[in-house]
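> Prediction below, plus the sequence it came from.
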Amino acid sequence: MLGDKQTQQVSQGSTAIQAGGNITILTTPASEIEAICNLVFKANFPILREEARLIAEENVQEFVSQLEERIEKVARNIEAEKFRDPDVQACMNDAVQAAARRGSASNQEILCTLIVERVKTGNAEFKEIVLSEAVKIAPRLNAQQISALCTLLFGRYISRNNITSLSELRPMCSVALAATNNHQILTNSQLMHLSFLGVTTYINISPGDIYDHHNEYYPQLGFTSGAVFKDRVYKEAPEYAILLERYNENKLWCLTPTSVGLAIAVAAISQYASDIDFDLWIN
């Protein structure tokens with residue numbers, strides 16, 4: 001796939017775009033993806049020692065394979081013309097460079113999810129802007145930070161209406177636990193760094209009780225206080241209790257996710273819940 005920089009020939013029905021070299025945009029998404037990623041790699045990594053070049057090539061090939069597989073699964077919802085959009089190509093440029101440099105540490109699955117969502121049909125302009133920004137930031141987060149974002153999303157915003165018992169929350173909480181399986185207590189510096197990257201805002205305020213807060217989500221259950229709610233959570237939905245304790249341990253009451261942070265968290269959770277809708281969170 002990757003070799004010396006060269007000009008590719010334009011065949012009938014294709015379009016050549018200049019981007020540090022000529023790229024032939026073909027008629028199928030898979031071929032376009034590989035051609036774009038190939039060009040991006042050659043344009044941005046022209047001088048590497050042999051060992052580094054081979055590792056970078058392997059990283060890019062792994063990313064391309066994942067992206068092609070994801071595109072094929074949702075092909076009916078993809079707007080192929082978007083691969084000719086300079087902004088989409090710039091977005092892929094960011095993803096390929098990150099994948100080449102950091103391999104699996106670049107959060108390739110999340111990058112693939114964000115790019116696939118970026119080229120779907122019917123996207124609003126604001127959503128496309130947010131997704132492009134998320135592609136730039138996601139590779140700069142480690143697994144523990146992404147877990148914290150997912151925990152923050154759950155702790156702040158996710159609930160289910162009209163449940164009649166806390167045990168009904170267990171399947172949803174199991175998904176959230178899977179998405180936060182790299183949980184680790186973050187230092188204040190690490191929390192503030194999330195704000196530096198633009199995925200959260202940070203305000204060091206005195207916390208309220210997370211159980212009081214979540215008890216307000218379910219008034220129909222009739223619990224008289226957060227303490228009573230906490231006791232019942234531990235008994236009826238232990239997964240829920242684990243998530244709320246993770247929220248407390250990381251002092252996530254100090255953080256509010258930005259639109260970019262929400263996009264990254266939703267992309268991470270979507271690896272475990274295929275029916276999650278980006279449009280509910282980025283609008």
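Good, I have the coordinates.

> contacts and neighbour counts: CA atoms only from here.
OK.

> what comes up buried for stretch 115-135?
115-120, 127-128, 130-135 (16 or more other C-alpha atoms under 10 Å).

> Could you tell me the end-to-end distance of that stretch?
For stretch 115-135, the first-to-last residue distance is 8 Å (C-alpha to C-alpha, to the nearest Å).

> Residues touching it, excluding its own?
Stretch 115-135 has contacts (C-alpha atoms under 8 Å, 6 or more residues apart in numbering) with 67, 70-71, 77-80, 82-83, 88, 91-92, 94-95, 111, 114, 259-261, 263-264, 279, 282-283.

> Packing partners of the helix or strand that contains residue 213?
Assigned by DSSP states H and E, residue 213 falls within helix 210-215. Here helix 210-215 touches helix 226-236, helix 238-249, going by 3 or more C-alpha pairs under 8 Å, 6 or more residues apart in numbering; DSSP states H and E.

> which one of those helices is the most hemmed in?
Across the helices and strands packed on helix 210-215, averaging neighbours per residue (mean count of other C-alpha atoms under 10 Å) puts helix 238-249 on top, at a mean of 19.

> Could you check the angle it makes with helix 226-236?
Using axes from the mean of the first three to the mean of the last three C-alpha atoms, to 10 degrees, the inter-axis angle of helix 238-249 relative to helix 226-236 is 130 degrees.

> Other residues contacting helix 238-249?
With C-alpha under 8 Å, 6+ apart as the test, helix 238-249 has contacts from 148, 151-152, 155, 169-170, 173-174, 176-177, 183, 185, 210-211, 230, 233-234, 253.

> if you set the cut-off to 7 Å instead, what comes out?
Residues outside helix 238-249 that contact it (C-alpha atoms under 7 Å, 6 or more residues apart in numbering) are 151-152, 155, 170, 173-174, 177, 185, 210, 233-234.

> of all these, which two lie farthest apart?
170 and 185 (23.5 Å; C-alpha to C-alpha).

> buried residues in whichever strand or helix holds residue 70?
For residue 70, the enclosing helix or strand under DSSP H and E is helix 50-73. Going by neighbour count (16+ other C-alpha under 10 Å), the buried part of helix 50-73 is 53, 56-64, 66-68, 70-71.

> And for stretch 91-102?
Quick answer for stretch 91-102 (16+ other C-alpha under 10 Å): 91-102.

> Thank you, goodbye.
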